[in-house]
Structure formats: C-alpha cells, structure tokens
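[1] Here's my sequence, what's the structure:
(one chain, ligands or ions: 2)
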Amino acid sequence: MTMADWDAAEVRFNVSQLLREPVGSVRRYEISVPRLELDHDLTMTDLRGTAKLLRTGRGILITGNLEGDVPLECSRCLEEYTTHLNFELEEEFLQTVNVISGEDMEIAEADSDMLTIDANHTLDLTDVIRESALLALPMQPLCRPDCAGLCPQCGTNLNIEQCHCQPENLDARWVKLGELLKDNDLGERSGA
Ligand SMILES: [Zn+2]
Ligand SMILES: [Zn+2]
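    Numbers count the residues shown, from 1 in each chain. Ligands and ions are numbered 1, 2, ... in the order given. Have a look, this model is predicted:
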C-alpha cells in the first residue's frame, strides 16, 4: 500500500447505513487528508473541508467544499510556487446493490457512465476530488499577479534581478538591418 493509497482511504465512506435510511437523510463528514495525488506528478497537500452525503431515490448525492495546497509552475517565470485552491464537489453516486437483500440493482442504459457505490457499499470520493481540483486549477498559473517573468533574451528572472539587455537587441535581424543602414544614405541621414 503506497502513501497515496493510504491517504485516499480517508475519502472512502461506508454508506450501508445511510442507504437504509429514507430519501433526504444526510451525513456530514469532515475531510482532512495530508496528501492526495491529483495526477502523476501533482500532489495536493493539506486537503480539508466538509462533504455532505444526501440519500436520494437512486443513490447518494455528494456536495462539498474543500481546499488544499497545490504546487504549480508559474507560466511567466517558470518558478514553482504553491497555490491555495478552493473547490466544490457535486456528484451523484448510484446505488448498485440493494443494501437489504444484497441483490444487484439494474442500472439504466442512460446512467451507465455515472459513478457508483460499490458492492461493499463504499463510496469513493477520490476521483471526484481529483477531477474537481484539477478543473479549479488556473489555466495560466502566476506566482503573483504582477510576476515580471523572464527576460526573453537572457532568461534572467526579472522578479529577482534586472539584466542589462537593451530593448533594441530584441531581435538580431534588426541589429543586422541597423548595420546595413549605416552603410547607405538613409543610415547617414537618420544619424546612425
Ligand atoms: Zn512568476
Ligand atoms: Zn536579459
């Protein structure tokens, strides 16, 4: 069992009791998970929040408010920083087994891609949390709103220090053109 698996156990709930209760019954859980893998090389830390489990006619509706820390790479300066992410959960899990008789329940064709509660009456929030967190990530991560980024010429991180690159050196082709102009009348007239 890896570290990630162990932590994911914190977001699996046995709902056999809730499934025996009438529609509208509610359970609330505090979620507190030190680490949860969101993707191959992306791990959320200090995941916290609440999840509400509501018994529906065909399963359990999850809603929740969660937050956690995710390391990201700034899209301007390429430095790694940690962002604090707030995100919500909302997903219905279908019941697949009758909790009293133990018999399999039929799932309608139209519902075949819905999340399900497994035969042991375990409801696993791991994938819902992963997807919701990934969707909440910024499209263009910034270490801070006014990140100065990298110098396009020398690569210096302009948040840390200034380089001595000149704006006119931006493109070597313009330098070449400037040299050519020096050699002709146009160049002399412009004082180059
Ligand atoms: Zn940055
Ligand atoms: Zn530079």
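[2] Let me know how buried Leu78 is, in neighbour terms.
    12 (other Cβ atoms under 10 Å). In short, each C-beta sits where N, CA and C put it, glycine included.
[3] typed the wrong thing, it's Cys147
    18.
[4] And Glu131, by the same measure?
    Neighbourhood size, Glu131 [other Cβ under 10 Å]: 14.
[5] got it, and the one 3 residues further on?
    Burial of Leu134, expressed as a neighbour count using other Cβ under 10 Å, amounts to 15.
[6] so which strand or helix has it?
    Taking DSSP states H and E as the criterion, Leu134 maps to helix 126-136.
[7] thought Ile60 was touching Leu53?
    Yes. The pair Ile60 / Leu53 is scored as a contact, 5.2 Å apart, by Cβ atoms under 8 Å.
[8] okay, and the common contacts of these two?
    Both Ile60 and Leu53 are contacted by 15, 18, 123, under the criterion Cβ atoms under 8 Å, 6 or more residues apart in numbering.
[9] average pLDDT across the helix holding Leu134?
    The average pLDDT within helix 126-136 is 95.
[10] That one - contacts with which helices or strands?
    strand 26-39, strand 59-73, strand 80-95 (3 or more Cβ pairs under 8 Å, 6 or more residues apart in numbering; DSSP states H and E).
[11] out of those, deepest packed?
    strand 59-73 (a mean of 18; mean count of other Cβ atoms under 10 Å).
[12] tell me what that strand is packed against?
    Partner elements for strand 59-73 (3+ Cβ pairs under 8 Å, 6+ apart): strand 26-39, strand 42-55, strand 80-95, strand 115-117, helix 126-136.
[13] change it to 6 Å
    strand 42-55, strand 80-95 (3 or more Cβ pairs under 6 Å, 6 or more residues apart in numbering; DSSP states H and E).
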